[in-house]
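Enquirer: how does the following fold in three dimensions:
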Amino acid sequence: MKLLQALYRIAAPSGNEKAMLRFLEERLKSICGVKYDIDTIGNIYVVKGNAETYPCVVAHTDEVHRRPETGYEVISVHDAIVLGYNSTLRAFSGIGADDKNGIWVALKCLEKYDVLKCAFFVQEERGCVGSYRADMGFFKDCRFVLQCDRKGNSDLIVNISGMTLCSKQFIKAIEYKKFGYKRATGLISDVAALKQNGLGVSCVNISCGYYEPHTDREYTIVADLYKCLDFVRHIVETCTEVYAHVYKAPKGHRFAGVYDWGGLTTICSSRIIPEDRFVRNSRTIICPTTVSCSSG
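Expert: Predicted coordinates for the structure are as follows:
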């Protein structure tokens, strides 16, 4: 719970995510055997271990909320529900569980597994700005890509605006019904942007226990978040093949997603970023293998 509440206390409005990026860098440095680099837009690409193929978990670093400068508190109710409260205004305040819950899942997996890739994308709430400009080469040796960025506790997003995200083989392999999930259709997210950019493996978006996102009443049910973590761990541990999948848009199909960001509506139309936009800078950090792995 300490890690989760620490994430909720960080103000990371879309386009101004420096505090969250600093936190992630410090956390990554504390995890054994991790190396990462950061591209020019701020996306963080993480590799742990050496393998021919990797499971991959992604999340986004921004939130829609504008955090008050004073009076903000993270409240845990019997370690079962977590919400935000502004003691100055005496009103609820959003915690940014969309997508800090996804960040938490990714970090917990990095702490547990010896072989894993993660990517943390900036400005998803403004129309997947970071993931549309992602370095697609990073994903060429991934088995699949998981994102935990869906409200509720039971949705397994396999289709977004008519775009199929994964293969039937992958859907069968992950045994989602055993974990209380059902197949569903979702809205624009980072995995959709990656799929549009030509991601060649299966991907899904998974409910991760937050409710009433993009409102001051946003809250997390902790048991539902742990349910998501258990499901993700199951996939990482049991799905050891490469689950190939390439989306081929029907002729005339135009992908679009509607996004509500801070009261503004954004239409994310079909767009593929050319390869020359996949710019990675040269800053690569290899975290020491002698430190103790963190937990939270």
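Enquirer: which element is the most centrally placed residue in the chain on?
Expert: The structure's the chain has its C-alpha centroid closest to residue 59; by C-alpha atoms, centre = their mean the separation is 1.6 Å. For residue 59, the host element (DSSP states H and E) is strand 54-60.
Enquirer: so how far is the helix or strand in which residue 46 is found off the chain centroid?
Expert: Residue 46 belongs to strand 44-48 when assigned by DSSP H and E. Centroid separation for strand 44-48 versus its chain: 13 Å, with C-alpha atoms, centre = their mean, to the nearest Å.
Enquirer: what pairs with that strand, parallel or antiparallel?
Expert: Looking at strand 44-48 with DSSP bridges, its partner strands are strand 34-39 (antiparallel), strand 116-121 (antiparallel).
Enquirer: make CSV out of those and add mean neighbour count.
Expert: For the C-beta atoms, the positions are set from N, CA and C on the backbone; glycine is no exception. Formatted as CSV, those follow (neighbours: other C-beta atoms under 10 Å):
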stretch, mean neighbour count
strand 34-39, 20
strand 116-121, 26
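Enquirer: CSV for those strands, including distance to residue 168 and mean pLDDT?
Expert: Output for the strands paired with strand 44-48, formatted as CSV (distance: least, C-beta to C-beta, whole Å; pLDDT from 0 to 100):
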stretch, distance to residue 168, mean pLDDT
strand 34-39, 33, 97
strand 116-121, 24, 98
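Enquirer: turn those into TSV, columns for distance to residue 152.
Expert: As requested, the strands paired with strand 44-48 are exported to TSV (distance: least, C-beta to C-beta, whole Å):
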stretch	distance to residue 152
strand 34-39	30
strand 116-121	22
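Enquirer: for residue 249, find the nearest of these.
Expert: In terms of C-beta to C-beta, the element of these nearest to residue 249 is strand 116-121, at 22.2 Å.
Enquirer: all helices of the stretch 151-296 of the chain, in order?
Expert: 168-173, 190-196, 222-238 (DSSP state H, counting those that start in this stretch).
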